[in-house]
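Colleague: Give me a model of this one.
(2 chains)
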Amino acid sequence: MSAATRNGETAAEIAAAVRSGTRSAREVTDAYLGRIGAGEEAVHAFNLVTADAARARADEIDAMIADGHDPGPLAGVPIALKDNLCTRGVATTCSSRILAGWEPPYTATVVERVVAAGAVPLGKTNLDEFAMGSSTENSAFGPTRNPRDPSRVPGGSSGGSAAAVAAEFAPLALGSDTGGSIRQPAAFCGVVGVKPTYGTVSRYGLIAFASSLDQVGPFANTVTDAALLLDAIAGPDPLDSTSIRAEWNPVISAVDEGIEGLRVGVVTELLDGIDADVAARLSEAVDVLRAGGAKVGDASVPAAIHGLAAYYLIAPAEASSNLARYDGVRYGLRVDGVDVADMNAKTRGAGFGAEVKRRIMLGTYALSAGYYDAYYGQAQRVRTLVIRDFDAAYRDFDVLLTPTTPTTAFEFGDKTGDPLSMYLSDVCTIPTNLAGHPAISVPFGTGANGMPVGVQVLAPALGERAMFRAARALELGAP
Amino acid sequence: MSTREVSKAWEAVIGLEVHVELATATKLFCSCANEFGAEPNTNVCPVCLGLPGSLPVLNERVVEFALRLGEAFEFSVPAQSIFHRKNYFYPDMPKDYQVSQYDAPICVDGTLIVDGTAIGIERAHMEEDTGKSLHVGGSGRIHEADHSLVDYNRAGVPLMEIVSRPEMHSAEQARGYVSALRGVLGVIGVSDVKMEEGSMRVDANVSIRPVGSDELRTRVEVKNMNSLRSLGRAIDYEIARQIEMYETDERIVQETRHWDEDAGVTHGMRTKEGSEDYRYFPEPDLVPVAPDDSMRARARASIPELPAARRVRLVSEWGIADHEAAVLLAEPGLADYAEGAVAAGASGHDATNWSVGAVLGYLNENALAPQGLLLRPDGLAELIGLVSDGSLNRKLATDVLDEALRDGKRPKQIVEARGLAQVSDEGAVGALVDDVFAQNSDAVADWRGGDDKLKKKKRGFLMGEVIKASKGSADTAVLNRLLDEKLNG
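Modeller: Sure, this is the predicted structure:
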């Protein structure tokens, strides 16, 4: 059965109960804070739990209800925020020492929107430093553990948000996805994770990793809850120039439309190198979709396999520039030096972890005079090919299907010694980011080790409604 | 280095890079005020401070201004231009990259007419300004400072960088280019163009080559000139320095040199080893700039008559000399002032004479712009009228104008108050002459008995006495005639 029935209440149920006055937001918040109190030490999902602010916000929601006002579609629903989303007056660290002590003077648009929809933020969740990683092992504040098996990683970079939802520390969480950072941990932790179409969700206040790839998106225990949260955060934002100007077409109304006649393509190129247990679940997922009335066939996106290489040039290149500002001059860590350049170097040397430094070096190299065309330029051409191949596939299919990850959650330390094997865990998720398309990971049974398996539904830009229909069918038919 | 002349054997090749601060109300990528002289770090926000998570949003007004440049300098404006990031570490640059334009600028291939010669402009592009550092201790330069303070008010102020082709050959021509550029930028209303306040900054690329050659030799970039005069001096100095280097077989290195205004020399600046690699790449936080037809049309409609065309028109309509028209146009607003006087009835010739003479002198002495003058153009026309109808002589008119400029009083009012109206009436002047003759009968007698030399001296004396008696108001033409009649009669 679906995660919803396994794990108690959904966000939709909480909002309905709070709006109708049958439960108070305060009672809901206290219950989740209680669960955090009991389980957080073992999981370490959070960098910071803002319990007092959460209770105060819950009381405000209850006061609104008492006054006859509707707090919104997420009324009284607790939510966890990835710690790369700016929150005014609340430490925002990106799990990096370099932002030590920094409190943003402003709040990210997505956070303002969930609060405006009635949600109650509980705190800031752990991540791989600056969202660079696939296991949360790159956090400067220690790793997050997978609530399904504490010897295993929760995935990353949004491992804290995925674990918070899986551990029922919050029914909803926000993460960010640059190459799979929402979908991969969602798959590892057995929750739903969505990477929306680039430009549908504002990046204002999301601390940048790779600007042309980053997108904020929801974690939830159910597809419907993920749709609720996506509808709350999507839509144009004048503060983000890359935000799509058209009004958002809500997905919540599509979730239960069924998949009769939906054309689903299985991306053949992304089946190579997939673990057998994961491949078996994918094949069962195909059966479920067929049984629901979908027409399933093989799809080809030849350039997708080059996505990983292109990604590891484009993302580090943008990161090398985005992370230049952490220089010790204005905020965060400063390590004194003999002059400004020495202070910059010492601060960055002490403030950034090994993976961040590795990617800054990679990106700096890729953009250097004489290398630009061979590396960054070539990667952008591959990106164009990926988009072209997806466009061709979407002439025949409404959505595409792939595993979310080649394996289920691995154990701590398994891949930390070999960055390339770590990078490979994003091979199925990266092409979507390069294309700017949406994708959703839905839990679908377990692997040989008993850990959750995720299957991924991809759609063309702004194809979220069809994507959610397929996702809901998979959720209903999951083993 | 005393040589100020370009040696006959050498020709200078000069290109100019001009940074102009645009006079928009707000900054390039945020809504902070774009103003000069505010308290440090008061016009700042998460965006212009480059705080983590902040994003730029392009100020459309800047694009409008760039399109005006496009029209005014006959640039071609491609359908799409893009912003790039120029990456380098510097404390007064909040993001440690500058958002600028690189290989797809908004304006390409323009022209500026400088004293009748077309000078090519390679490109003009939009970019953000940096903050300002204040280095405390040592000589005030960064390497010796005890500590530094940074003011980010200027960070994110919109700039246009305007890059000429290397088509100028003398300091004078370079000054002419900047002056003409300033004239155009002023009339299209995009900038205050004040070199002294830094809203217009000029860097010069200078090289020399043998006369007759068309090669481009190693160039040197000269910075830190904060007036037209220092621009000219710096270029002249640099040309002479390079000639001397070549003539003594020394190698010119491509470098940036700093103009030292007090010492009158350029110094090589401390440079890092190797050339700087800015790792330009397209700014992913912004979308391409694609001005639509209506924006282009608006820009076209906003362009008034430009200085070069106006110069031709004024010469032909007013019959003034080309160099007079040039002086009128070199001072922003002065031609408008003169045209205002013409509209109020003055002749173009008179309006020009007074404007480029006494009016311009007054503006320079008081560091004023014509728009700020208390005496409006119709007041100047009134003064010109008083002179041309003979009620005021030129000498007195100058005094009256000076008072009018200072106090804003109407010339007629001043003339009345001071009793200065010119006396042209023959009876009145004749009576004054008779009085003076009566009081100075010795002088009259001396004149009658004197030789030519004495006659001339005594006549001058008597003339002076009459003018004195009239308090300067006697019409000298009438006086001359009556004086001769009465002496000879």
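Colleague: which bits of the stretch 251-400 of chain A sit near chain B?
Modeller: By the rule C-beta under 8 Å from any C-beta of the partner chain, the part of the stretch 251-400 of chain A lying against chain B is A:317-318, A:320-321, A:324-325, A:327, A:329-331, A:339-341, A:344, A:364, A:367-369, A:372, A:376. The way it works is simple: take the backbone N, C-alpha and C, and place the C-beta from them, glycine included.
Colleague: do that again at 6 Å, thanks
Modeller: A:Glu318, A:Ser321, A:Ala324, A:Arg325, A:Asp327, A:Val329, A:Val340, A:Asn344, A:Leu367, A:Ser368, A:Ala369 (C-beta under 6 Å from any C-beta of the partner chain).
Colleague: give me the number of residues near the third one?
Modeller: Here the count is done by other C-beta atoms under 10 Å in any protein chain shown, and A:Ala324 has 22 residues near it.
Colleague: That one against B:Gln98, yeah?
Modeller: No. Using C-beta atoms under 6 Å, A:Ala324 is not in contact with B:Gln98, being 10.9 Å away.
Colleague: Sketch out the low-pLDDT regions of chain A for me.
Modeller: Within chain A, the set of residues satisfying pLDDT under 70 comprises A:1-7.
Colleague: Mind splitting chain B into its structural domains?
Modeller: Per the record, chain B has its domains at B:10-299, B:305-409, B:426-488, by automatic domain parsing.
Colleague: For the last one, measure first residue to last.
Modeller: Distance across domain B:426-488, first residue to last, is 17 Å (C-alpha to C-alpha, to the nearest Å).
Colleague: That one: how far from the chain's middle?
Modeller: The chain centroid and the centroid of domain B:426-488 are separated by 48 Å under C-alpha atoms, centre = their mean, to the nearest Å.
Colleague: now swap in stretch A:456-467 and tell me
Modeller: 16 Å.
Colleague: Report the buried residues of it.
Modeller: Residues of stretch A:456-467 classed as buried: A:Gln456, A:Val457, A:Leu458, A:Ala459, A:Pro460, A:Ala461, A:Leu462, A:Gly463, A:Glu464, A:Arg465, A:Ala466, A:Met467 (neighbour count, 16 or more other C-beta atoms under 10 Å in any protein chain shown).
Colleague: residues in contact with B:Gln413?
Modeller: Going by C-beta atoms under 6 Å, 6 or more residues apart in numbering or on different chains, B:Gln413 touches no other residue.
Colleague: Am I right that it sits in a helix?
Modeller: Yes. Assessed by DSSP: H, G, I helix; E, B strand; the rest coil, B:Gln413 belongs to a helix.
Colleague: so how far is chain A from it?
Modeller: Between B:Gln413 and chain A the distance is 56 Å, computed by C-beta to the nearest C-beta, to the nearest Å.
Colleague: from the residues of the stretch 251-400 of chain A next to chain B, which two are the most distant?
Modeller: A:Val329 and A:Ala369 (25.9 Å; C-beta to C-beta).
Colleague: Looking at these two, which one has more neighbours?
Modeller: Per other C-beta under 10 Å, whichever of A:Val329 and A:Ala369 has more neighbours is A:Val329, with 21 against 11.
Colleague: Need the CA coordinates for the helix or strand harbouring B:Arg233. CSV is fine.
Modeller: Element membership of B:Arg233, judged by DSSP states H and E, is helix B:228-247. Taking Å, rounded to 0.1, in the frame of the first residue of the first chain, the C-alpha atoms of helix B:228-247 are listed here in CSV:
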residue,chain,number,x,y,z
LEU,B,228,39.4,66.8,-20.1
ARG,B,229,42.6,68.8,-19.3
SER,B,230,44.2,65.9,-17.5
LEU,B,231,43.1,63.5,-20.3
GLY,B,232,45.0,65.7,-22.9
ARG,B,233,48.0,66.0,-20.7
ALA,B,234,48.2,62.3,-19.9
ILE,B,235,47.9,61.4,-23.6
ASP,B,236,50.6,63.9,-24.6
TYR,B,237,52.9,62.6,-21.9
GLU,B,238,52.3,59.0,-22.9
ILE,B,239,52.9,59.7,-26.6
ALA,B,240,56.2,61.5,-25.8
ARG,B,241,57.2,58.7,-23.4
GLN,B,242,56.6,56.0,-26.1
ILE,B,243,58.5,58.0,-28.8
GLU,B,244,61.4,58.3,-26.4
MET,B,245,61.3,54.6,-25.7
TYR,B,246,61.3,53.7,-29.4
GLU,B,247,64.0,56.2,-30.2
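Colleague: just to revisit the earlier point, switch the residues of the stretch 251-400 of chain A next to chain B over to JSON lines; also include secondary structure and distance to B:His323.
Modeller: Shown next, in JSON lines, are these (DSSP: H, G, I helix; E, B strand; the rest coil; distance: C-beta to C-beta, whole Å):
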{"residue": "A:Glu318", "secondary structure": "helix", "distance to B:His323": "55"}
{"residue": "A:Ser321", "secondary structure": "helix", "distance to B:His323": "52"}
{"residue": "A:Ala324", "secondary structure": "helix", "distance to B:His323": "52"}
{"residue": "A:Arg325", "secondary structure": "helix", "distance to B:His323": "53"}
{"residue": "A:Asp327", "secondary structure": "coil", "distance to B:His323": "53"}
{"residue": "A:Val329", "secondary structure": "coil", "distance to B:His323": "52"}
{"residue": "A:Val340", "secondary structure": "helix", "distance to B:His323": "51"}
{"residue": "A:Asn344", "secondary structure": "helix", "distance to B:His323": "54"}
{"residue": "A:Leu367", "secondary structure": "helix", "distance to B:His323": "52"}
{"residue": "A:Ser368", "secondary structure": "coil", "distance to B:His323": "53"}
{"residue": "A:Ala369", "secondary structure": "coil", "distance to B:His323": "48"}
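Colleague: Filter the residues you listed down to the buried ones.
Modeller: A:Glu318, A:Ser321, A:Ala324, A:Arg325, A:Asp327, A:Val329, A:Val340, A:Asn344, A:Leu367.
Colleague: Please tell me I have it right and the second one contacts B:Tyr88.
Modeller: The reference is to A:Ser321. No. In this structure, A:Ser321 is not within contact of B:Tyr88 by C-beta under 6 Å, at 10.5 Å.
Colleague: Do a quick rundown of the strands in the chain.
Modeller: In the absence of a named chain, this looks at chain A. A:46-49, A:78-82, A:120-125, A:172-177, A:192-195, A:215-220, A:263-267, A:295-299, A:399-403, A:439-446, A:452-458 (DSSP state E).
Colleague: wrong one, chain B
Modeller: Counting by DSSP E, the strands of chain B are B:10-21, B:84-87, B:97-100, B:107-114, B:117-128, B:132-136, B:147-151, B:158-164, B:200-210, B:220-225, B:255-260, B:265-268, B:281-282.
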